[in-house]
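Undergrad: Sequence below, structure please.
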Amino acid sequence: MNTQNEVEAWVDAYIAAQSSGRPVQVEDPNWWAIERFMEIDQRDQAEASWIAILRVLARKPSDQVLSVLAAGPLEDLIHYWGPAFIDRIEDAARRDAMFRSLLEGVWQSSTPEVWNRVTAFRR
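TA: Below you'll find the predicted structure:
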């Protein structure tokens, strides 16, 4: 279970790591935040990732952070959990221009049905 404080610490560390302007190495003290986005084998981990993605986006970080958020955590979530999250992804895209923009940085993945739905909001 993730408390609000844990999620905010995760978001802080992720933004700090991705804001450095250089590739993040395992030795980086904030590497754990990047690695945590990679741990989405279970549904509860995917749910936590979704919440953290939205919290990062809400902070309005730099374009650099947004590009890696799209090409990493959001792309992975769509790839592994697209059918389970596509309704929420579409809802977020309808409501938020920044989220729609984030979808532009995602490469094709998941099922054809999910990808067609994602593509509808990338235009």
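Undergrad: Residue 72: neighbour count?
TA: 18 (other CB atoms under 10 Å). For every residue, glycine as well, the C-beta is placed using N, CA and C.
Undergrad: quick one: it from residue 94, how far?
TA: Distance, residue 72 to residue 94, by CB to CB, to the nearest Å: 23 Å.
Undergrad: what mean pLDDT does stretch 24-32 have?
TA: For stretch 24-32, mean pLDDT rounds to 89.
Undergrad: Apologies, that question was intended for stretch 108-115.
TA: For stretch 108-115, the per-residue pLDDT averages 93.
Undergrad: roughly how far out does it sit from the chain middle?
TA: Averaging C-alpha positions (CA atoms, centre = their mean, to the nearest Å) puts stretch 108-115 16 Å from its chain's average.
Undergrad: now do stretch 108-118
TA: 16 Å.
Undergrad: okay, that stretch in PDB with CA atoms only?
TA: Coordinates of each C-alpha in stretch 108-118 appear next as PDB, following Å, rounded to 0.1, in the frame of the first residue of the first chain:
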ATOM      1  CA  GLN A 108       3.100   1.600 -30.100                       C
ATOM      2  CA  SER A 109       2.400  -1.200 -27.700                       C
ATOM      3  CA  SER A 110      -0.300  -3.300 -26.100                       C
ATOM      4  CA  THR A 111      -3.100  -4.800 -28.100                       C
ATOM      5  CA  PRO A 112      -4.300  -3.400 -31.400                       C
ATOM      6  CA  GLU A 113      -7.600  -2.400 -29.800                       C
ATOM      7  CA  VAL A 114      -5.800  -0.500 -27.000                       C
ATOM      8  CA  TRP A 115      -3.300   1.100 -29.400                       C
ATOM      9  CA  ASN A 116      -6.200   2.300 -31.600                       C
ATOM     10  CA  ARG A 117      -7.800   4.000 -28.600                       C
ATOM     11  CA  VAL A 118      -4.500   5.600 -27.600                       C
END
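Undergrad: got the contact list for that stretch?
TA: The contact list for stretch 108-118, computed with CB atoms under 8 Å, 6 or more residues apart in numbering, reads 75, 78, 79, 82, 83, 86, 89, 90, 103, 106.
Undergrad: Nice, that's everything, thank you.
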